[in-house]
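Novice: Sequence plus the predicted model coming up.
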Amino acid sequence: MLPIDRRPASYGALSPELPMVAAPAAGTHEDDAAADMSVGQDPVDIVVPVYNAVNDLRRCVASIAASTRTPYRLILIDDASPDPEVRRYFDQLARDLPAHWLLLRNEQNLGFVGTTNRGMALSENDVVLLNSDTVVTHRWLEKIKRCAASDPRIGTITPFSNNAEICSYPRLCENNPWSERDDPELLNLALERAAVPIYPDLPTGVGFCFYIRRDLIRQIGFFDPVFGLGYGEENDFCMRAARAGYRNVLCEDTLVLHLGNRSFDAKKQALSERNTQILLERYPDYSLRVMEFIRADPLKPLRDAARTQHFIAAGGRHRPGVLHIQHGKGGGTENHIRRLIEATSTEFRHYLLTTVGESWELEDHSGDGVRHYHFRHRQDEIWSDLLRGLCGSFGIGLVHVHHLSGCREGLLAALAEAGVPYGFTVHDFYLACPTITLLDARDVYCGAQTDLALCQACLDEQAHFRGASAAVWRAQHARFLDQASFVLSPSQFAADTLRRYFPMHDLAVVPHSSTDLPGNAPAGPRTVLLLPKDGVPSVGVLGAIGPVKGARCLERLVARTRERKLRLRWVLVGYLDRQYQAHQDSDSVFTVHGPYRPGDVPALLDHYGIDLVAFPSAGPETFSFTLSEAWAAGRPALVPPIGALAERMAEFQGGWLFEDWTDADRMLDQILGILDPSQREGLAAAAAKARQAAATQGASMTADTARIYHHYLDGRIETQRPGLARDRVLGALRSAHDHGLAKPRRQSGPMERALLSLAHAGLRLRYTTIGRILYR
């Protein structure tokens, strides 16, 4: 990985042509006046070694003139460039040279180390060594100076860049491409808005833009001439600085573009390998330090925070922010949300908040992957302040609540007082009843009973809900629904049931999409169980089957199948509340496949020979994604005569209703009749209707929901809400990063020495032809 070649592209290949830069528009950056007052007025000398590549140089100099407001002196040193255009450009500058600019030319080529050392020797000030293939951004030097002023122990400073190895943004140790369509000031502003700043320590600086404190130069000298034309000189310098008690840090609120490309001919290859060897002989643990830094990637939260702000700034009014709130239990609710996020990502910036008590996990889906934040509600914090702060920090204009159960009291308080418009989608009957399922103490569907006295008696009969007040529960949720901007239901049944408890006129029925479910693409090979090849038909059951989904009913059906010695098998593609892992009974009457991906359903149903999918649900569904999965795989279904399952079956005819869903024997008799060989034509006809239903139902879900979002977001004057403190946002990123980062126990003794040798070998390989190919 290192040492790092950060010499200008003019010392190798030319960089691509990009337009000259202009000064940023007034008012695009924050706290300009305060920033100017916060740094000293001592000038900084900017040393730019030049070797050919005059277009790169013109762009670099133009950016310095446009974007540098603190006192500085610019020292341009032509390292005996053979390109005559460089001399012509220097002559052009000399005709109207500002007093604080200095033009020099080496009589002979000194290389990068010799030229930068000459520039540092001409100065008594702090210096910035700046490649000629860079473009600086607004207030770059002010911010770097502020970084230096924050701690006298800071010896060297490197900013973020698109191409700066360990200081690269957005991807670590990559040359992140930059085109003329990209606005560097937009990214620079995002870095400013995301930064606390904290100026984190680096194992080494990166030489494309390298600030050095003059006191450090006086103490340890210049770059070591032993490194000749270059490669590794700034790494050696940083190691010497660290030994002298100084810090090498990142200035994370600053962007300097580095547009150069590296080329390695045989001569440069030999030089890099030679200098690498010198560096490792001087500092045997250097490569291990760098590799550990890369492995831990402590800068990732900083990059992620900036990436979030970048997408907010880039999206603006054209891509407003929507916050989805769910519980942490997954299932169909999360399935629906992720489908919606994926389908409308070009129109909206989406954020998914999973609430589990005091812990609020936020996923940023605004673009370019997913960034994770782990917030915690503070003991003395008002809930609405947390929600309002999240909306302010992430530019959110609308909240879409999908479930309250993860943090009910906190969310009810927050939504009532935060002043952020919100809507709600019905996924179950949690608002109507604490049971969620409308099942009584005997796991029997209550028929959506609304009589408060009967409902209270039912709750009191169930130990888990004893003490809950049905009246208070409904009153709280009535206020929640009254204040909602919109309420959506995936089925007419769910809408009608909710209206029984909460009379509403503006409840819209928007069926969930049955197509393009998240994870629908086949996931590749999966472990399966084998069934005897004896022609016995298999009935399938899909999903995570607990009491409300019919776990006890399924167990009775399996038991009666065995007792009656029926030619029938049961295969659960999914799992039971009492059997999560894959399992098969010794007689193969019952098989539990275990968890699955939706994209694997067709292949799994084929493997297990399933022609019919049964739904032994004890309570009503509001939609049922597993019915969509069965239909999409071309399997007809047998469903209970209640809820959205019955509603969808009546509309699309992709199967049958159970004639008596409370009697296991009658259910089995109906299944045997459907699967009888004489009924193959009827089975095939139902399968065809199932496929048609999967292709049509919910086709407009994405468009309908997006239309609702636009109605509440477009043309609305966005309220500028105060965001959370930047250190809290960064802390949430760090918490999520640390939680997901494996931290192996530190090795010692012979093992550590073996790892160090391996690191050295890897470092040498990095600078071979094969190593560069593998690295990229």
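Specialist: Noted; the coordinates are in hand.
Novice: Beyond the longest strand along the chain, next helix or strand please.
Specialist: In the chain, taking DSSP state E as the definition, the longest strand is strand 247-258. Using DSSP states H and E, the helix or strand that follows strand 247-258 in sequence is helix 266-282.
Novice: other SSEs contacting that following helix?
Specialist: Applying 3 or more C-beta pairs under 8 Å, 6 or more residues apart in numbering; DSSP states H and E, we find helix 266-282 packed against helix 233-243, helix 286-296, helix 750-766. The way it works is simple: take the backbone N, C-alpha and C, and place the C-beta from them, glycine included.
Novice: who touches the first one?
Specialist: Under the criterion C-beta atoms under 8 Å, 6 or more residues apart in numbering, residues 2-4, 6, 112-113, 129, 155-156, 202-207, 210, 212, 216, 220, 223-224, 227, 247-248, 275, 278-279, 282-283, 286 lie in contact with helix 233-243.
Novice: In helices, which of those residues fall?
Specialist: Judged by DSSP state H, helices contain the following of the contacts of helix 233-243: 112-113, 216, 220, 275, 278-279, 282, 286.
Novice: Go through stretch 290-309 and flag the buried ones.
Specialist: Of all the residues in stretch 290-309, those buried under the rule 16 or more other C-beta atoms under 10 Å are 290-291, 293-294, 298-309.
Novice: Kindly report the same for stretch 95-107.
Specialist: Within stretch 95-107, the residues that count as buried by 16+ other C-beta under 10 Å are 101-104, 106.
Novice: Next, count neighbours for Ala632.
Specialist: By other C-beta atoms under 10 Å, 21 other residues sit near Ala632.
Novice: so it makes contact with Ala694?
Specialist: Yes. Using C-beta atoms under 8 Å as the test, Ala632 is close enough to Ala694 to be in contact (4.0 Å).
Novice: Give me the distance between the residue nearest to Leu340 when sequence neighbours are not counted and Leu288.
Specialist: Leaving aside its chain neighbours, Leu340 sits nearest to Thr705 (6.1 Å; criterion: C-beta to C-beta, 6 or more residues apart in numbering). Per C-beta to C-beta, to the nearest Å, Thr705 is found 51 Å from Leu288.
Novice: Closest to Val510 out of the buried residues of stretch 95-107?
Specialist: Trp101 (64.2 Å; C-beta to C-beta).
Novice: what are the ranges of the strands in the stretch 301-450 of the chain?
Specialist: Here the stretch 301-450 of the chain has its strands, by DSSP state E, counting those that start in this stretch, at 321-326, 349-356, 359-364, 371-376, 396-401, 422-425.
Novice: Please identify which of those is closest to Ala646.
Specialist: strand 422-425 (20.9 Å).
Novice: hmm, back to that, quick one: which of Thr705 and Leu288 has more around it?
Specialist: Between Thr705 and Leu288, counted using other C-beta under 10 Å, Thr705 has the larger neighbour count: 25 against 19.
Novice: for the more buried one, what are its contacts?
Specialist: 340, 344, 488, 510.
Novice: Kindly reformat those residues as JSON lines containing distance to Arg408.
Specialist: Putting these into JSON lines (distance: C-beta to C-beta, whole Å) gives the following:
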{"residue": "Leu340", "distance to Arg408": "23"}
{"residue": "Thr344", "distance to Arg408": "27"}
{"residue": "Leu488", "distance to Arg408": "20"}
{"residue": "Val510", "distance to Arg408": "24"}
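Novice: I'd like these as TSV, with neighbour count, pLDDT and distance to Asp727 appended.
Specialist: What follows is the contacts of Thr705, written out as TSV (neighbours: other C-beta atoms under 10 Å; pLDDT from 0 to 100; distance: C-beta to C-beta, whole Å):
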residue	neighbour count	pLDDT	distance to Asp727
Leu340	26	95	32
Thr344	16	95	32
Leu488	24	97	37
Val510	21	95	40
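Novice: Show me which pair in the residues you listed is furthest apart.
Specialist: Most distant of the contacts of Thr705, by C-beta to C-beta, are Thr344 and Leu488, 14.1 Å apart.
Novice: per-domain residue ranges of the chain.
Specialist: By the record's domain assignment, the chain is partitioned as 9-25+40-297+756-775, 318-513+704-726, 538-696 (automatic domain parsing).
Novice: need the ones you listed in JSON lines with distance to Ala736, can you?
Specialist: Formatted as JSON lines, the domains of the chain follow (distance: least, C-beta to C-beta, whole Å):
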{"stretch": "domain 9-25+40-297+756-775", "distance to Ala736": "13"}
{"stretch": "domain 318-513+704-726", "distance to Ala736": "4"}
{"stretch": "domain 538-696", "distance to Ala736": "24"}
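Novice: Which of the ones you listed has the lowest mean pLDDT?
Specialist: Among those, domain 9-25+40-297+756-775 carries the lowest mean pLDDT, at a mean of 88.
Novice: residues contacting the most centrally placed residue in the chain?
Specialist: Closest to where the C-alpha atoms of the chain average out (C-alpha atoms, centre = their mean) is Val370, at 1.2 Å. Neighbour list for Val370: 363-364 [criterion: C-beta under 8 Å, 6+ apart].
Novice: do you know how far it is from Arg339?
Specialist: In this structure, Val370 and Arg339 are 15 Å apart, going by C-beta to C-beta.
Novice: before we move on, what about Asn125?
Specialist: Look at Asn125 and Arg339: by C-beta to C-beta, they are 58 Å apart.
Novice: Can you give me the neighbour number for Cys173?
Specialist: Residue neighbour count, defined by other C-beta under 10 Å, stands at 16 for Cys173.
Novice: try Arg289
Specialist: 16.
Novice: all helices for the stretch 451-600 of the chain, in order.
Specialist: All helices of the stretch 451-600 of the chain, identified by DSSP state H, counting those that start in this stretch, fall at 452-461, 470-482, 492-501, 551-563.
Novice: okay, those in a markdown table with distance to Asp380 next?
Specialist: A markdown table is the format used below for these (distance: least, C-beta to C-beta, whole Å):
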| stretch | distance to Asp380 |
| --- | --- |
| helix 452-461 | 33 |
| helix 470-482 | 23 |
| helix 492-501 | 35 |
| helix 551-563 | 43 |
